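Undergrad: Sequence first, then the predicted structure, then my questions.
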Amino acid sequence: MPKLKTHRGAAKRFSLTKSGKIKRSKAYKRHILTKKSTKRLRGLRKTAYISDVEEKKIRKLLPYA
């Protein structure tokens, strides 16, 4: 079997935790921030985790992570 290539776009967006969960950052924090409330922006700062449904797809993109 040849070596698998890591999907570079996915590698930049996701990272693994020690427990094996996949971490991701939240969307909607790039621009047009003036109309978004402070409470909302504070919530967007926190990291999120990939849902169980999506996890299988992401693991395929990151074979050696």
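TA: The structure has been received and is ready for your questions. Numbers count the residues shown, from 1 in each chain.
Undergrad: only C-alpha atoms for contact and neighbour calcs from this point on.
TA: OK.
Undergrad: chain center to stretch 27-44, what's the gap?
TA: What separates the centre of stretch 27-44 from the centre of its chain is 18 Å, taken as C-alpha atoms, centre = their mean, to the nearest Å.
Undergrad: Quote the end-to-end distance of that stretch.
TA: Taking C-alpha to C-alpha, to the nearest Å as the measure, stretch 27-44 stretches 7 Å from start to finish.
Undergrad: cool, stretch 34-48 as well?
TA: Across stretch 34-48, the terminal residues are separated by 23 Å (C-alpha to C-alpha).
Undergrad: Contacts for it next, please.
TA: 23-29, 33 (C-alpha atoms under 8 Å, 6 or more residues apart in numbering).
Undergrad: Please flag which of those sit within strands.
TA: If you go by DSSP state E, the contacts of stretch 34-48 have 23-24 in strands.
Undergrad: Buried subset of the contacts of stretch 34-48, written for ChimeraX?
TA: Applying 16 or more other C-alpha atoms under 10 Å to the contacts of stretch 34-48 leaves a buried subset, and the ChimeraX line that selects it is:
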select :23,24,25
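Undergrad: what's across from the spatially most central residue of the chain in the sheet?
TA: Residue closest to the average C-alpha location in the chain (C-alpha atoms, centre = their mean): R24, at 2.2 Å. Assessed by DSSP bridges, R24 has beta-bridge partners F14, A48.
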